[in-house]
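Engineer: Task: produce atomic coordinates for the following.
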Amino acid sequence: MATKPSETILRRQLREISRNGIPGISAGLVDDNIYQWEVLLIGPDDTLYEGGFFKARLSFPEEYPLQPPKMRFETAMWHPNVYQDGNVCISILHPPGEDKYGYEDAGERWLPVHSPETILLSVIAMLSSPNPDSPANIDAARELREDYPTFKKRVRKLVRESAEAL
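Structural biologist: Numbers count the residues shown, from 1 in each chain. Down below sits the predicted model:
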């Protein structure tokens, strides 16, 4: 059976991440499936998420790198840019091309030059700087803007629980 180009690309990218490492991030395959990666992100320093251990899954389509993967946190997450089911909502994970709603330029969306590394670095940046103006989780965005002490308390509780779960 012939290897798909996406498999070859993903194997190389996983090797690069494993070899070079990204501080605070580890990645590996789920059940030897190159299209399913399990990721562990350590909450970035100097953020509310600091000290947390967040498991996530990257699910790549066979059309990768022409189409983006999906990323979903498996560890509970309270963040304006993460849906309540754990799916991550950042521009580079949106399908390529023009945004039919006009919120994003095509250059902000998925481009084949992106890689798992750029995705994971973007998610770390998202944890460092939530964007409540374009929320996936409206309740988290509202709480961040209107009741920051409650937002902070809720996030710190999730961070503690994530560390205890390991």
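
Engineer: make it CA atoms for all contacts and neighbour counts henceforth
Structural biologist: Will do.

Engineer: where do the strands sit along this protein?
Structural biologist: Counting by DSSP state E, the segments of the chain that form strands are 25-30, 33-42, 53-59, 70-73.

Engineer: To residue 141, which of those strands lies closest?
Structural biologist: strand 70-73 (17.5 Å; CA to CA).

Engineer: In terms of secondary structure, what does that closest one contact?
Structural biologist: Other elements packing on strand 70-73 under the criterion 3 or more CA pairs under 8 Å, 6 or more residues apart in numbering; DSSP states H and E are strand 53-59.

Engineer: Direction included, what does the strand it packs on pair up with?
Structural biologist: If you go by DSSP bridges, strand 53-59 pairs up with strand 33-42 (antiparallel), strand 70-73 (antiparallel).

Engineer: for the ones you listed, which one sits closest to residue 152?
Structural biologist: Of all those, it is strand 33-42 that lies closest to residue 152, at 17.4 Å by CA to CA.

Engineer: show me the contacts for the most centrally placed residue in the chain.
Structural biologist: Nearest to the mean C-alpha position of the chain, by CA atoms, centre = their mean, lies residue 123 at 4.4 Å. The neighbourhood of residue 123, defined by CA atoms under 8 Å, 6 or more residues apart in numbering, consists of residue 90.

Engineer: what's the distance between it and residue 77?
Structural biologist: Distance, residue 123 to residue 77, by CA to CA, to the nearest Å: 12 Å.

Engineer: same thing with residue 63?
Structural biologist: 28 Å.

Engineer: and if you look at residue 44?
Structural biologist: Taking CA to CA, one finds residue 44 at 14 Å from residue 77.

Engineer: what do you get for residue 95?
Structural biologist: Residue 95 is 23 Å from residue 77, by CA to CA.

Engineer: If you count surrounding residues, which of these two has more?
Structural biologist: Taking neighbours as other CA atoms under 10 Å, residue 95 and residue 77 compare with residue 77 leading, 25 against 16.

Engineer: just checking, that one touches residue 88?
Structural biologist: No: in this structure, residue 77 is not within contact of residue 88 by CA atoms under 8 Å, at 10.0 Å.

Engineer: Provide a list of residue ranges in this structure with pLDDT below threshold.
Structural biologist: For the chain, the stretches flagged by pLDDT under 70 are 1-2.
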